[in-house]
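Q: Generate a structure from the sequence data that follows.
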Amino acid sequence: MTAGKLLVVGCRSRGGLSARADLALKLGAPRMSVASYRQHPKVERPADNRSSSPPFSAGHRPEDGPDSSVAAISGSGRVLQRRKLILGIAALGALAPPFEAWSQRVAAKRIGMLSGGDLQGTPNWDAFYENMRSLGYVEGRDVIYDRQAAAGEPQRLPQMARELVARKPDLLVTTGASEALAARAATSTIPIVMMFGGDPVGAGLAVSLAHPGGNVTGLTRFIPGFIAKSVEMLHDALPLAKRIAVLENPLAPTYTQYHQELVRAAASLGLTLMPPASASRPEDLEVAFTKIEQQQPDALFVTSDVLFYTQRARIVQFVVRRQLPSLHSFTEDVDAGGLMAYAVEFRELYERAPIFIDKIFKGTPPAELPIELPTRIGLWVNLKTARTLGLKIPQSVLLRAVKTIE
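A: Model prediction:
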């Protein structure tokens, strides 16, 4: 019998077609013509001693034996039973989602994302999501991102952190120090991976870098002596600059520690540090700019803060308009037109954070994952801005630069 074909012959019983043949027709088995039936091989069955046999239908050949029609129907019944089973399984399969899709939905992890700035659409975030995919975490299939971005308004972070925790994520990812502190205040149990926090030990987020001991791990850009090195770079590049203005956020978690280090570094180099121009919100910047103008400094030191990162375009426009040499804390400021930055290359931190996420999802507690320091730190110089300002950066400084923009 040809695969997929079901033989239905004209065997009749009381009321017409036999029950099996009728069921076969309902299931869609094709009717067979007399000619095609004659070409079909006989169905063998043991002879039986019944004296009566059902009447033959048209096309039945006597040489086939008195029970050949019954044999065909009996054989087809077994085929029909198998076919009914297969059709039932297929119907259930059509109603149920594929096993692979079901298992993926069950396995999907929920990650709460908290940032005072942005959470996608930049080269740094592109690197983060690409590395997540390379580790097997495809958005919408293996992982669900719940994003909360304060867009330069850090005062919103505590409420955002509480909202994320209320949705019960498997893990939280934070960017800077303010974000990490807000997340830690909202939960002491959900793992937190910070991407570039301040001093985690000084802030009470970890017992030590080697053994965090709590639910916070990840990366930090805090390096002892980093502020002092930044001031030294500014002094070497601008040896005639003696009066240094400072743009700071007094509400930043790292403010006190960083400011004290800044004061000590300036004093050791014989520089006069002007009273800080403070800004904690975007609307504070114009007041801070006015204060800096009134101080008439030789240079401006822009400290590291998420507000200044998100508002870097305004800050760069100000220093360019006022022809004020400046040292920044983010390399993106130099790309935008700032003179110099001694900074961590943040892309490295975005690239490495997924490794922590993967290890935690695979069972390693955050308390046992050492907090890592950045390895790519250096001086960036915008030579185009230097020419606009009429400055000549010493060759000894340029040789230390990891990148210069012509």
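
Q: which stretch of helix or strand covers the closest residue to Phe346 other than its chain neighbours?
A: Leaving aside its chain neighbours, Phe346 sits nearest to Asn124 (5.5 Å; criterion: CB to CB, 6 or more residues apart in numbering). Where you see a C-beta, it was placed from the backbone N, CA and C, and this is true even at glycine. Secondary structure assignment for Asn124, by DSSP states H and E: helix 123-134.

Q: Let me see the residues that make contact with that helix.
A: Contact partners of helix 123-134, identified using CB atoms under 8 Å, 6 or more residues apart in numbering, comprise 118-120, 139, 143, 346-347, 350-351, 353-355, 357.

Q: 6 Å instead?
A: Here helix 123-134 makes contact (CB atoms under 6 Å, 6 or more residues apart in numbering) with Phe346, Arg347, Tyr350, Glu351, Pro354.

Q: per-residue confidence at the most centrally placed residue in the chain?
A: Nearest to the mean C-alpha position of the chain, counting by CA atoms, centre = their mean, stands Tyr129 at 4.4 Å. For Tyr129, the pLDDT comes out at 97.

Q: And it, how far from Gly338?
A: Tyr129 is 27 Å from Gly338, where distance means CB to CB, to the nearest Å.

Q: what about Pro370, is that helix, strand or coil?
A: Classification of Pro370 by DSSP: H, G, I helix; E, B strand; the rest coil places it in coil.

Q: what about the closest residue to it other than its chain neighbours, neighbour count?
A: Of all residues not flanking Pro370 in the chain, Ala210 sits nearest, at 5.0 Å (CB to CB, 6+ apart). Using other CB atoms under 10 Å, Ala210 has 9 neighbouring residues.

Q: Ala210 should be in a helix, yeah?
A: No: read with three-state DSSP, Ala210 is coil and lies in no helix.

Q: just the CA coordinates of the helix holding Asn124, formatted as PDB?
A: The C-alpha coordinates for helix 123-134 follow below in PDB (Å, rounded to 0.1, in the frame of the first residue of the first chain):
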ATOM      1  CA  PRO A 123      28.500  53.200  21.900                       C
ATOM      2  CA  ASN A 124      29.200  52.200  25.500                       C
ATOM      3  CA  TRP A 125      25.700  50.600  25.900                       C
ATOM      4  CA  ASP A 126      26.000  49.000  22.500                       C
ATOM      5  CA  ALA A 127      29.200  47.200  23.800                       C
ATOM      6  CA  PHE A 128      27.300  46.100  26.900                       C
ATOM      7  CA  TYR A 129      24.400  44.600  25.000                       C
ATOM      8  CA  GLU A 130      26.600  43.000  22.400                       C
ATOM      9  CA  ASN A 131      28.600  41.200  25.100                       C
ATOM     10  CA  MET A 132      25.400  40.100  26.800                       C
ATOM     11  CA  ARG A 133      24.400  38.500  23.500                       C
ATOM     12  CA  SER A 134      27.800  36.900  23.100                       C
END
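
Q: Can you name the element that comes right after that helix?
A: With elements assigned by DSSP H and E, the helix or strand that comes after helix 123-134 is strand 143-149.

Q: Let me know the pLDDT of Phe226.
A: Turning to Phe226, the model gives it a pLDDT of 91.

Q: Would you mind measuring from it to Ile377?
A: 8 Å.

Q: what do you get for Thr220?
A: According to CB to CB, Thr220 and Ile377 sit 12 Å apart.
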